[in-house]
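Enquirer: sequence first, predicted coordinates after that:
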Amino acid sequence: MNQMPKRYYAFFTLPTLIAFVIAFLIPFLLGIYLSFTRFTTVTDSHWVGLSNYVRAFTADAHFLDATIFTAKFAVISVITTNLLAFSLAFVLTRHLKGTNLFRTVFFMPNLIGGIILGYIWQLLINGILVNFGVDITFSANYGFWGLVVLMNWQMAGYMMLIYIAAIQGISHELIEAAKIDGADGWQVLRNITIPLCMPAFTICTFLTVSNSFKLFDQNLALTAGAPGRDSAMLALDIFYTFYGGTNTEGIGQAKAVMFFILVGLLVLVQLRLTQTREVEN
């Protein structure tokens, strides 16, 4: 195969590089700078050092609460979403009738916008809770489990397709050889299917961890953080801080920087752990 001459590399990569610098790198670096300032617009910023970071924890009690709420949500939703997705993938690769239809149906929620999903599940959940004289904003626990259900319903179908691709990529000869040696269905699943699907687990865990922490529009539509801001996740709490007060833009920006660092570290740790498991298998 003929390779493209090196003199053309810059011609094809420069437009993408320029777009990346303008649309991502410059705003990102500017955002870090603004987190150390007091500002209302970019042009009237005044350096305040670490004051915004200190105030994010001392002057605003919601940030730590939102962090704990988000961490709990992420742990539960990542586990349940991947368990549900893998279970669906395992069942739908058993050569049952109508599997293509079921794959399409389970994937469809991922195509619906987060705001619409939030309002749909708000109506469904409130339709049940109204029989008990409450609604989803009555308690943060209702909002928490509502978000878990919503996350599972939206993401499971997408993760399912990744697991299906991984399961279908396993050699049938390997499975047949294991059965000939006397392995039952559970032993095949535990010792062959799951280990060989570890690359898919790495991808799906990465996607569910990052999406769980970044959840915003679903949270806004489902509970808007109510009651009070007890069910506000980190992204929504940053939004309220940035736009909901006077001279709080710098605090909101400081929260956003810490949020970026937190998610980045968690994702790197997760990737390291799951990729190490891939190597072992």
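Expert: Looks like it arrived, so ask away.

Enquirer: per-residue confidence at the residue lying closest to residue 208 once chain neighbours are set aside?
Expert: The shortest distance from residue 208 to any non-neighbouring residue, by C-beta to C-beta, 6 or more residues apart in numbering, is to residue 78 (4.6 Å). Quick note: C-beta positions are derived from backbone N, CA and C, even for glycine. The score at residue 78 is 96. That number is its pLDDT.

Enquirer: one more: residue 67?
Expert: pLDDT at residue 67 comes out at 93.

Enquirer: for the one 5 residues further on, same thing?
Expert: The model reports residue 72 with a pLDDT of 96.

Enquirer: for it, grab the count of nearby residues.
Expert: Number of residues near residue 72 (other C-beta atoms under 10 Å) recorded here: 12.

Enquirer: which positions in the strand or helix carrying it come out as buried?
Expert: Residue 72 is part of helix 62-91 when elements are defined by DSSP states H and E. Applying a neighbour-count criterion of 16 or more other C-beta atoms under 10 Å, one finds 62-63, 65-67, 69-71, 73-74, 76-78, 80-82, 84-86, 88-90 buried in helix 62-91.

Enquirer: ok, now which ones touch residue 230?
Expert: Neighbour list for residue 230: 65, 69, 140, 143 [criterion: C-beta atoms under 8 Å, 6 or more residues apart in numbering].

Enquirer: one more pass at 10 Å, please.
Expert: 62, 65, 66, 69, 137, 139, 140, 141, 143, 144, 223 (C-beta atoms under 10 Å, 6 or more residues apart in numbering).

Enquirer: would it be right to say that it lies in a strand?
Expert: No: secondary structure of residue 230 (DSSP: H, G, I helix; E, B strand; the rest coil): coil, not part of a strand.

Enquirer: just to revisit the earlier point, of all the contacts of residue 230, which comes closest to residue 6?
Expert: Nearest to residue 6 among the contacts of residue 230 is residue 66, at 49.5 Å by C-beta to C-beta.

Enquirer: for the spatially closest residue to that closest one that is not a sequence neighbour, helix, strand, or coil?
Expert: Distances taken as C-beta to C-beta, 6+ apart put residue 237 closest to residue 66, at 3.8 Å, once the chain neighbours are dropped. For residue 237, the assignment made with three-state DSSP gives helix.

Enquirer: what is the burial count for residue 237?
Expert: Residues near residue 237, counting by other C-beta under 10 Å: 26.

Enquirer: that one touches residue 62, doesn't it?
Expert: Yes: Residue 237 lies in contact with residue 62 (C-beta atoms under 10 Å); the separation is 5.5 Å.

Enquirer: between these two, which contacts overlap?
Expert: 69, 225, 229, 255.

Enquirer: now the last one: which helix or strand?
Expert: Right, the one you point to is residue 255. Here residue 255 is assigned to helix 249-280, by DSSP H and E.

Enquirer: can you give the distance from stretch 132-152 to the centre of its chain?
Expert: Here the centre of stretch 132-152 is set off from its chain's centre by 19 Å, with C-alpha atoms, centre = their mean, to the nearest Å.

Enquirer: now it: buried residues?
Expert: 135-137, 139-140, 142-144, 146-152.

Enquirer: report the mean per-residue pLDDT for the one helix or strand residue 57 maps to.
Expert: According to DSSP H and E, residue 57 maps onto helix 51-58. The average pLDDT for helix 51-58 rounds to 91.

Enquirer: what's in contact with it?
Expert: Against helix 51-58 from outside (C-beta under 10 Å, 6+ apart): 34-38, 48, 59, 62-64, 67, 238, 241, 248-258.

Enquirer: residue 101: which of the buried residues of stretch 132-152 is nearest?
Expert: Distance to residue 101 across the buried residues of stretch 132-152 (C-beta to C-beta) is lowest for residue 152, with 20.4 Å.

Enquirer: dump the residue contacts of that closest one.
Expert: Going by C-beta under 10 Å, 6+ apart, residue 152 touches 76, 77, 80, 81, 82, 83, 84, 85, 109, 159, 208.

Enquirer: and the two most separated of those residues?
Expert: Applying C-beta to C-beta across the contacts of residue 152, the maximum distance is between 76 and 109, 18.5 Å.

Enquirer: which one in the contacts of residue 230 is the model shakiest on?
Expert: When the contacts of residue 230 are sorted by pLDDT, the bottom entry is residue 62 at 88.

Enquirer: now it. Nearest residue, chain neighbours left out?
Expert: residue 229 (5.0 Å).

Enquirer: many thanks, have a good one.
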